[in-house]
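Undergrad: Sequence and predicted model, in that order:
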Amino acid sequence: MLYWLTALSDGGDFFNLFRYITFRAGGAFLTALLFGFVFGPPLINVLRRRQGKGQPIRDDGPEGHLAKAGTPTMGGLLIVGALLSSTLLWARLDNPYIWIVLFVTMSFAAIGFADDYAKVSKQTTAGVSGRVRMALGLLISAIAGYWAALYHPQALQYQLALPVFKDTLINLGFLFVPFAMIVIVGAANAVNLTDGLDGLAIMPVMIAAGTLGVIAYAVGRVDFTDYLDVHYVPGTGEILIFTAGIFGGGLGFLWYNAPPAAVFMGDTGSLALGGALGAIAVSTKHEIVLAIVGGLFVVEALSVIIQVLYFKRTGKRVFLMAPIHHHYEKKGWAEPQIVIRFWIISLILALIGLATLKLR
């Protein structure tokens, strides 16, 4: 919205700064961070009063988690609020990719909110039906995938771009939308599975979002794409402002979610943030890179799939408990030890993802 102030510029004054994506991204980061610090305490107090006993803790989970009983959930409202306000304030609202990622984020946040509300109101770990959540997620993702394809350059429409092999495009045709559905829903659920320890999910989300934001800025500038020899997707540079909002809002939330957490993000936050990462990847034609940058989320999801399939087949378990962060809890690792080591892994994967921009 503040971009419209450029109409007051003569080309060499303060208002001209609003033309620059990097300046507005900095503004979005600070706005989201300030939002978190200002509204964090009152929101947590409201959630604590409204929820009473807080998020229900699973009886079959790690024993140490029983001490977290009474901690309020739905803290994802803080992140989503910070992200929404900063994006609407600093991004160009005539950019279709901004509306695509906001649509996915807010829609998945609504699904997560309904699930969290059902859990705390009924004091049960069973929220909204898994089938209902999946059906709504697939519908939202289908709309977003088709919407993004409409605005991709004609040469890239319905194509799958590969990292490193930059001249290679795979024409998915009508399968592009189902592929986009898998990417977005998969990312949303993978982040949701990762959100099992204090601070575990939010930092890898911030790292992945920051990486994808840099990629979005690069592929949205023709001079950068010529130098890096990657596909040019005009307009995606504005997504950097959205990801700056994720980073700022994530830092603000982490202040209250750091061990011991004063609030959990809940499905409200994890589904929204995961969906956002998937939508960014689809918009920028970097779906495969998301699997690298968000490799931690992929491993968390795969650990659950492997555990379930192997147990059904043999009656035995591959991991002491799934998702995999619970496996390390069962092995005796302290919660902060797991969290920080997983953060380090996320950072390494992000650097590898960025390297694919230049590798050939």
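TA: Alright, I've got the coordinates. Numbering: from 1, shown residues only.

Undergrad: Show me what whichever strand or helix holds residue 292 is packed against.
TA: The secondary structure element spanning residue 292 is helix 287-293 (assigned by DSSP states H and E). Contacts defined by 3 or more Cβ pairs under 8 Å, 6 or more residues apart in numbering; DSSP states H and E place helix 287-293 against strand 159-161, helix 176-194, helix 202-219, helix 266-284, helix 335-355. Where C-beta positions appear, they are placed from N, C-alpha and C, glycine not excepted.

Undergrad: So what touches that helix?
TA: Residues from elsewhere that reach helix 287-293, judged by Cβ atoms under 8 Å, 6 or more residues apart in numbering: 160-163, 179-180, 183, 187, 207-208, 211-212, 215, 277-278, 280-281, 298, 349-350, 352-353, 356.

Undergrad: redo that, cut-off 6 Å
TA: Among residues not part of helix 287-293, those counted as contacts by Cβ atoms under 6 Å, 6 or more residues apart in numbering are 163, 183, 208, 211, 281, 298, 349-350, 352-353, 356.

Undergrad: which element follows it toward the C-terminus?
TA: helix 295-314.

Undergrad: tell me the mean pLDDT over whatever helix or strand comes next after that following helix?
TA: Along the chain past helix 295-314, the next helix or strand (assigned with DSSP H and E) turns out to be helix 324-330. Per-region confidence: helix 324-330 scores 93 on mean pLDDT.

Undergrad: So what touches helix 324-330?
TA: Applying Cβ under 6 Å, 6+ apart, the set of residues contacting helix 324-330 is 62, 196-197, 300, 303, 319-321, 338.

Undergrad: Tell me the buried residues in it?
TA: Of the residues in helix 324-330, those scored as buried under the neighbour-count criterion (16 or more other Cβ atoms under 10 Å) are 324-329.

Undergrad: Likewise for stretch 254-270?
TA: So for stretch 254-270, counting by 16+ other Cβ under 10 Å, buried means 254, 256-257, 261-270.

Undergrad: what's the span of that stretch from first residue to last?
TA: 13 Å (Cα to Cα, to the nearest Å).

Undergrad: Quick check: which ranges of the stretch 51-200 of the chain have low pLDDT?
TA: Low-confidence regions of the stretch 51-200 of the chain, defined by pLDDT under 70, span residues 54-67, 125.

Undergrad: Helices of that one, start to end?
TA: Residue ranges of the helices in the stretch 51-200 of the chain, as given by DSSP state H, counting those that start in this stretch, are 76-90, 96-122, 130-151, 176-194.
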